[in-house]
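Asks: Requesting a structural model of the entry that follows:
(chains A and B)
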Amino acid sequence: MTTLTVSSVHLGTPEAGRRSLLRDTGIVMTRELKPVLRDPFSLLFGMIQPLIFLGLFGPLLAGSMGGSLDGGVWQWFVPAILVMTTLFGTSATGANLLFEFQTGAHERMMVTPLSRSSLLVGRALKEMVPLLGQAVIVIAVMVPFGFDLHLDGALLGLALLAVFGIGLGSFSYALAIAVRKQDWMFWVVQQTFLFPLMILSGMLLPLETGPEWMRVASKFNPLSYLVDAERALFSGDVASMAVLWGWLAALITVALGLTVGIRTMLRSAT
Amino acid sequence: MISTRELTKDFVVSRTETVHAVRGISLDVEPGELVAVLGPNGAGKTTTLRMLTTLIAPTSGTAKVAGYDVAAEPGQVRRQIGYVGQGNGAGHSQRVSDELYGQGVIYGLDRRAARQRAEELLESLELKDLARRKVSELSGGQRRRLDVAMGLVHAPGLLFLDEPSTGLDPQNRANLWDHILRMREQYSMTIVLTTHYLDEADSMAERVVVVDHGEVIADDTADALKAKLAGDLLQLTIAPGNLQELARLADKLPGAKDLVAEGDRITVRVADGPAALPELITAAQHAGVPVATAQVHRPTLDDVFLNLTGRSLREADSTGKAAA
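Replies: You can find the predicted model right below:
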């Protein structure tokens, strides 16, 4: 039994097509968020790794160098874990786009009048939602264990994470588009960058005790500045130089990421 | 509705290898037509469709779709057309109703209108019970109906379908076609589809464009193509008698070709089988040749393709590698 009422909506009229980048970006972001909102438990997927590091690596850290770390091990390690959550979550997000390349969903979006940039920017902006959700859970879990919450610093810290995450997410999407015809390359490149970036940021262990070349390399790693800034912010040290450097690193990341991402998206129609 | 001139697409594979996927296709489609683009894999069907839908830019030539140039005004073209690609348009992690609703919003409907439109399409494509399901949980046939629904959200005047029924079982194919044809009536849509199912092009399309190696090699109604390019096959056997005499008579029939006389049987292709058969039998009786059995086989589009290219459509699949 199927009846089709000829719909009262105005369809296919030219005026129905006035577009703005803002509106398009909103549409793409909303679409990306729907599965997260429909199934919030999916957030847990990205959290397993950080929580394991907190639970299994944290105590080791406390045992071996708890005394030498400013403000105790959790004040040092939890901000780093938030950066790690961001790093793992947003750098992998391109895989979602890659999947939509394969299924045909992305192609369907490309045939709509949505602006090409919005297809990238909307996706990238969405990244902040899961990462903030995950960050809040990590913080909530750690406060009972003696993690000291400075609200102003924490909020600024989360904002900083969001900006950085959007940038890194854009790079991940750009990578996905670039390797869409050899999809296995995505994980090769992602993993190749992920672990050096992570280790050379002083996220897990302080680099002060490492060899000279590692300390030099860390100076070229934007993630080092982010980790330092988050540590400062989460100890309530809102107005330090480290925070300023952190914002600079995040803003450069987001500017470069969006530029590269949008250009890759525009060029993907060959 | 569509007008292309010398449309070409080259894919540079490497420094020394360029695939000429489409080589100068000029095609006109009038409003209201239902056109099937038929050809083996790699013939350039999908590449042509992707150029017409602004998914890829032509290497040279022009194409006007729904009144707009695909290269100069892709945004306008996108607004006018509906497209159902080879893959699944709906995201696998999304809910059915969310994707339909979102598609409406993309095309400029307000929330209420988008919701109403999604409801209508769910109803008419028999997806209502699945509205809250995740796309990944749907069966192949259900997903395909959802794809068609997504392509129809903005009631486009022109709908492109890229191999709409590939991978569906016969029952689901028939069901999908019921929906497509009903929607076409409802919206007086022009439909262009690609297919490599011969019977599909044969039974559904009012016009068949045969493409091979990136070129249009034939373009007409299925009946006209068969009459012009293949002809009906007559098959007669005789009781012991003069086969050569029967062959001589058969050869004189209008459009007679491919005559084979062997044992007690002759086969011959003629322009109009149903008219030629009684004529031949009468002539044979006058000549004293006793005809034992007689059959007319209407040609298939595969016969047409075979006649045009010397290859069967089924065997031709391996010849093109890029741009399937």
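
Asks: Show me how far the helix or strand hosting residue A:27 is from its chain's centre.
Replies: Here residue A:27 sits within helix A:21-38, counting by DSSP states H and E. Computed by C-alpha atoms, centre = their mean, to the nearest Å, the chain-centroid distance of helix A:21-38 equals 16 Å.

Asks: Residues in contact with that helix: which ones?
Replies: For helix A:21-38, the surrounding residues in contact (C-beta atoms under 8 Å, 6 or more residues apart in numbering or on different chains) are A:42-43, A:109, A:114-115, A:117-119, A:121-123, A:125-126, A:129-130, A:133, B:91, B:93-95, B:98-99, B:102, B:105-106. To be clear about C-beta, it is placed using only N, CA and C from the backbone, and glycine gets the same treatment.

Asks: Tell me which residues of the helix or strand of chain A with the lowest mean pLDDT come out buried.
Replies: In chain A, no helix or strand scores lower on mean pLDDT, DSSP states H and E than helix A:58-65, which sits at a mean of 83. Buried positions in helix A:58-65, judged by neighbour count with 16 or more other C-beta atoms under 10 Å in any protein chain shown: A:58, A:61, A:62.

Asks: now do stretch A:194-210
Replies: Neighbour counts over stretch A:194-210 (16+ other C-beta under 10 Å) mark A:197, A:198, A:199, A:200, A:201, A:202, A:203, A:204, A:207 as buried.

Asks: average pLDDT for that stretch?
Replies: Taken as a whole, stretch A:194-210 has a mean pLDDT of 89.

Asks: quick one: it to chain centroid distance?
Replies: That offset, for stretch A:194-210, works out to 19 Å (C-alpha atoms, centre = their mean).

Asks: what do you get for stretch A:145-160?
Replies: 18 Å.

Asks: what sits up against that stretch?
Replies: By C-beta under 8 Å, 6+ apart, stretch A:145-160 touches A:71-72, A:74-75, A:78-79, A:82, A:132, A:135-136, A:139, A:143, A:226, A:229-230, A:232-238, A:243, A:246-247, A:250.

Asks: Now restrict those residues to buried residues only.
Replies: Buried by 16+ other C-beta under 10 Å: A:74-75, A:78-79, A:82, A:132, A:135, A:139, A:226, A:229-230, A:232-235, A:237, A:243, A:246-247, A:250, out of the contacts of stretch A:145-160.

Asks: So which of the residues you listed belong to helices?
Replies: Among the buried ones among the contacts of stretch A:145-160, the ones falling in helices (DSSP state H) are A:74-75, A:78-79, A:82, A:132, A:135, A:139, A:226, A:229-230, A:232-234, A:243, A:246-247, A:250.

Asks: Which members of those residues additionally contact chain B?
Replies: With C-beta under 8 Å from any C-beta of the partner chain as the criterion, these include none near chain B.

Asks: Can you give me the distance of the residue of chain A found nearest chain B to residue A:236?
Replies: Of all residues in chain A, the one sitting closest to chain B is residue A:104 (2.0 Å; C-beta to the nearest C-beta). Here residue A:104 is placed at a distance of 50 Å from residue A:236 (C-beta to C-beta, to the nearest Å).

Asks: Next: residue B:259.
Replies: Counting by C-beta to C-beta, the gap from residue B:259 to residue A:236 is 98 Å.

Asks: Over to residue B:260?
Replies: Counting by C-beta to C-beta, the gap from residue B:260 to residue A:236 is 96 Å.

Asks: what's the answer for residue A:163, then?
Replies: For residue A:163 relative to residue A:236 (C-beta to C-beta), the value is 20 Å.

Asks: Check residue B:205 too.
Replies: Distance from residue B:205 to residue A:236, by C-beta to C-beta: 72 Å.

Asks: do residue B:79 as well
Replies: 53 Å.

Asks: can you check residue A:30 too?
Replies: Counting by C-beta to C-beta - residue A:30 and residue A:236 are separated by 35 Å.

Asks: mind listing the helices for the chain?
Replies: Picking chain A for this. A:21-38, A:48-52, A:58-65, A:73-92, A:94-103, A:105-111, A:116-126, A:128-142, A:151-178, A:184-199, A:212-219, A:222-234, A:241-267.

Asks: Chain B is the one I meant
Replies: Taking DSSP H as the criterion, chain B carries its helices at B:45-52, B:74-80, B:96-106, B:111-124, B:140-152, B:170-187, B:198-204, B:222-225, B:243-251, B:273-286, B:301-309.

Asks: Which of these has the highest mean neighbour count?
Replies: Neighbour counts (mean count of other C-beta atoms under 10 Å in any protein chain shown) averaged over each of those peak at helix B:45-52, with a mean of 26.

Asks: What helices and strands are in contact with that helix?
Replies: strand B:2-12, strand B:18-29, strand B:34-38, strand B:60-65, strand B:158-162, strand B:190-195 (3 or more C-beta pairs under 8 Å, 6 or more residues apart in numbering or on different chains; DSSP states H and E).

Asks: For the fourth one, buried residues please.
Replies: By neighbour count with 16+ other C-beta under 10 Å, strand B:60-65 contains the buried residues B:61, B:63, B:64, B:65.

Asks: wait, residue B:198 sits on residue B:301?
Replies: Yes. Counting by C-beta atoms under 8 Å, residue B:301 is a contact partner of residue B:198 at 4.6 Å.

Asks: Now list whatever residues contact both of these two.
Replies: Joint contacts of residue B:198 and residue B:301 (C-beta under 8 Å, 6+ apart) are B:38, B:313.

Asks: Turn the helices of chain B into TSV, columns for mean pLDDT.
Replies: Formatted as TSV, the helices of chain B follow (pLDDT from 0 to 100):
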stretch	mean pLDDT
helix B:45-52	92
helix B:74-80	91
helix B:96-106	94
helix B:111-124	91
helix B:140-152	90
helix B:170-187	85
helix B:198-204	82
helix B:222-225	83
helix B:243-251	84
helix B:273-286	87
helix B:301-309	82
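
Asks: Need those in a markdown table (columns: distance to residue A:265).
Replies: Compiled in a markdown table, the helices of chain B are given as follows (distance: least, C-beta to C-beta, whole Å):
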| stretch | distance to residue A:265 |
| --- | --- |
| helix B:45-52 | 17 |
| helix B:74-80 | 14 |
| helix B:96-106 | 16 |
| helix B:111-124 | 25 |
| helix B:140-152 | 21 |
| helix B:170-187 | 32 |
| helix B:198-204 | 35 |
| helix B:222-225 | 41 |
| helix B:243-251 | 64 |
| helix B:273-286 | 56 |
| helix B:301-309 | 39 |
